[in-house]
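**Q** structure, please.
(3 chains)
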Amino acid sequence: MVKITPLSQILERQYRNLSDIKTYVGGACLGCGGGTVVQALARAIDRIGLQLEDVVFIKGIGCSASQVHSLNYSILRVLHGRAPAYATGLKLARPELKVITLQGDGDALAIGGNHLIHAAKRNIDITIVVNNNFIYGRTGGQFGPTTPMGAYATSAPYGVIESPFDVCKLVETAGATFVARGTTYHVIELIDIMEKGILHHGCSVIEVISQCPTSYGRYNPDKMGGTANEMLKWMRDNAVRINKAKDMTKEELKEKLVIGVFVDTQAPEFNDECEKIIEAAQAGRDRHHH
Amino acid sequence: MMGEKQGLKGGKRRGSISITFNEEACNGCGICIEFCARGVLVKNDVGRPEVVRIDHCTECRMCELLCPEVAIIVSRE
Amino acid sequence: MNTGTNVVLMQGNEAIVEGAIAAGVRFFAGYPITPATEILELFAQRMPQVGGKSIQMEDEIASLAAVIGASAGGVKAMTASSGPGMSLMVENIGLAITLEIPCVIVDVQRMGPATGLIHTSQGDMMFAKWSTPGGNEIIALVPSSVRETFELTIKAVNLSERFRVPVIILSDAHLGHMREKIRVPDQDDIEIVNRPGPTVPPEEYLTFGADEAGVPEMAPLGSKYRSEYTGSLHDKAGKYGPPPEERSFLISRLSQKILAHRDEILMIEKALLEDAQVAVLAYGVCARSAKTAVKLARAAKMKVGFLRPITVWPFPTDVVRQLAEQVKAIIVVEENLGQLVLEVERAAAGKAKVSLVNQYDGQLITPEKILAGIEEVY
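**A** Presented below is the predicted three-dimensional model:
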């Protein structure tokens, strides 16, 4: 059996004082998956052994795991959708840092879509965590870029009429070199994915399927279930790991949730390339003088 | 801390595993109760988890991992 | 390019780049836009030569975001654009204000509205102050020569560090593209100001721990100091959601930290005002035409003086008020529909007649036109 560090130790090493956990907007909704995402991140950081001075979280707007404010690390909570852009500047200024963005699905893929694909395109060494709960939770349940066709939302009272993004395929095509999907049910694997993603040298994008019972589940019980428990069970019962999914047909995979590490490759990393340019410039080489 | 106040009833196995709750953090979502594979926890009459079969706990820590509020602690003496 | 006591023929946009590098800027992020593109291109060439990084981002929103990220990490950073790009940057300008991130934003103005023209304009003067929701104080400087562009860029970087604010440099298409000779000073003669570093131990550090008119100490992200930054209203610890009785404090301090130290920020040029009956107030690219007009007026025995705001935000209200008490008329010259004239009217408070000589067709305003305006009110 996998050895899991006792939560008491994680709380001691990774979390700020416990009353701060309810610090953000008075606490999360019952059963919110965001807290699980943050615990998995905390456990991954604990395993790697990173310290306060090594890590910076860049958080988007919304229910993108607001529980991150409970951790011991510095947080830059920025404009909706733009986290990868700040992360890019910070990483170039301080290449030694582990820069981790924490964004929701709407944040990362609607308003922030362009920054997401460009971060992937540059293969900049940051880790982008997309807390995908299929809805805009914080603002009360509007549909988002990952909400399935036909689902109901406050801004789609007749059902969503657009097809959703496949986050992982999108960023893979854009150039991300570590792409993985986890869930808030498969936490043990999620910790592993996060550890790998953070350590990966290149752009890591980790999509976490996460339950939002309040704004998504409640109005779409036929999709993933209506309550937190039902939604977690749905993840448990419908997830197929990538090594098995590879051998399944499209028909068999319909309505299934493929999870695991999809991409883990190496490619020129943006900061490394910037450093090479400095070398070339200081040696007098440019487009006119090779 | 033993969560007696909000009806959170922890449990202790003689000489080894104990389960305690952060009563301020627990909001009664019920995930720990549902996903304990060994039926260690039940929901009491105020909707909070209560330890009823501490002897069955195997320290798998699924409850810890799944708790969105990091409110349940499984510890070994 | 050599520094030292060299005299160099330099383009206005180039002066931005060289001034920034001299002031210690080592990160630039930008996007191509006429008439600011040379800044992006020159930084791309020059920044790596001095060991810094210059990148082209996917848009102007990302550019200012990257600048904020880099500066929060401890590296002096700049971006440059023009009206259409500034429009995209507005939300991030507000973020830089509330997170108190030192940075410099260069606006090489062109004619609006929208895509407008790519030619000379002073159309973003009010925008520079009022673009962000909340209307907080900002520092904005307006050069009127290539040499001044170089010097004010250094000053802008220093002011941004001193006050932990975004500072806007308002150049324009004409000034950005013209070439003049400038004597580039020795690096040793250039004053460098750095953001106040933390003097307290980490346990006592508050991300925004300053009093009513103060500038908080700034630890870089990724250090033994934990910083909590949020674009939402925050308390001294950076925590979201201060109670009602504490909310005004931050909003007020963000303005007061600038206004209470105006003497460090205010720069103006005055000439021939001692006996003036009429004053011409001009700034930026119009300044030379205005000065020539004043000389022509004097040659025609008119007692005309000249005032040039170099700092336009915070606006030199007291200076203009004093001037209004002294002269009978102030003629404001600008290449827009009339923007700083509104501030002049406000500051003059009826003590002098305020008139406007303006032009907004993408061409430089001429001394003759300004002289005609002087003759009208004299």
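
**Q** which helices and strands does whatever helix or strand residue C:355 lives in pack with?
**A** According to DSSP states H and E, residue C:355 maps onto strand C:353-358. Judged by 3 or more CB pairs under 8 Å, 6 or more residues apart in numbering or on different chains; DSSP states H and E, the packing partners of strand C:353-358 are strand C:329-334, helix C:340-348, helix C:367-377. In short, each C-beta sits where N, CA and C put it, glycine included.

**Q** quick one: the ones you listed as a markdown table, columns for mean pLDDT too.
**A** Below are those laid out as a markdown table (pLDDT from 0 to 100):
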| stretch | mean pLDDT |
| --- | --- |
| strand C:329-334 | 98 |
| helix C:340-348 | 98 |
| helix C:367-377 | 97 |
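
**Q** mind putting those into TSV with distance to residue C:14 and mean neighbour count?
**A** Below are the helices and strands packed on strand C:353-358 laid out as TSV (distance: least, CB to CB, whole Å; neighbours: other CB atoms under 10 Å in any protein chain shown):
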stretch	distance to residue C:14	mean neighbour count
strand C:329-334	25	26
helix C:340-348	27	21
helix C:367-377	27	18
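
**Q** of all these, which lies closest to chain B?
**A** Smallest distance to chain B across the helices and strands packed on strand C:353-358 (CB to the nearest CB): 52.9 Å, for helix C:340-348.

**Q** list the contacts of residue B:42.
**A** Contact partners of residue B:42, counting by CB atoms under 8 Å, 6 or more residues apart in numbering or on different chains, are B:33, B:49-50, B:52.

**Q** so which of those residues are in helices?
**A** Counting by DSSP state H, the contacts of residue B:42 place residue B:33 in helices.

**Q** what's the pLDDT at residue B:8?
**A** Looking at residue B:8, its pLDDT reads 68.

**Q** likewise residue C:252?
**A** Looking at residue C:252, its pLDDT reads 94.

**Q** can you check residue A:288 too?
**A** At residue A:288, pLDDT is 86.

**Q** does residue A:36 touch residue A:184 like I think?
**A** Yes. In this structure, residue A:36 is within contact of residue A:184 by CB atoms under 8 Å, at 4.1 Å.

**Q** which residues do the two both contact?
**A** In contact with both residue A:36 and residue A:184: A:190, A:210, B:66, using CB under 8 Å, 6+ apart.

**Q** give me the phi and psi for the closest residue to residue A:210 other than its chain neighbours.
**A** Counting by CB to CB, 6 or more residues apart in numbering or on different chains, residue A:210 lies nearest to residue A:33, which is 3.2 Å off, once chain neighbours are set aside. Main-chain dihedrals, residue A:33, degrees, to the nearest 10: phi -70, psi -20.

**Q** would you map the strands across chain B?
**A** For chain B, the strands defined by DSSP state E occupy B:11-12, B:17-21, B:41-43, B:49-51, B:72-76.

**Q** oops, could you answer that again for chain A instead?
**A** Counting by DSSP E, the strands of chain A are A:55-59, A:74-77, A:98-104, A:127-132, A:178-183, A:204-209, A:239-241, A:257-264.

**Q** where does the chain dip in pLDDT?
**A** No chain in the question, so chain A it is. The model of chain A has pLDDT under 70 over residues A:1-2, A:18-27.

**Q** that's the wrong chain, I wanted chain B
**A** Scanning chain B for pLDDT under 70 picks out B:1-8, B:12-15.

**Q** now do the strand holding residue C:355: everything it contacts.
**A** Under CB under 8 Å, 6+ apart, the answer for strand C:353-358 is C:324, C:328-338, C:341, C:344-345, C:348, C:365, C:369-370, C:372-373, C:376-377.
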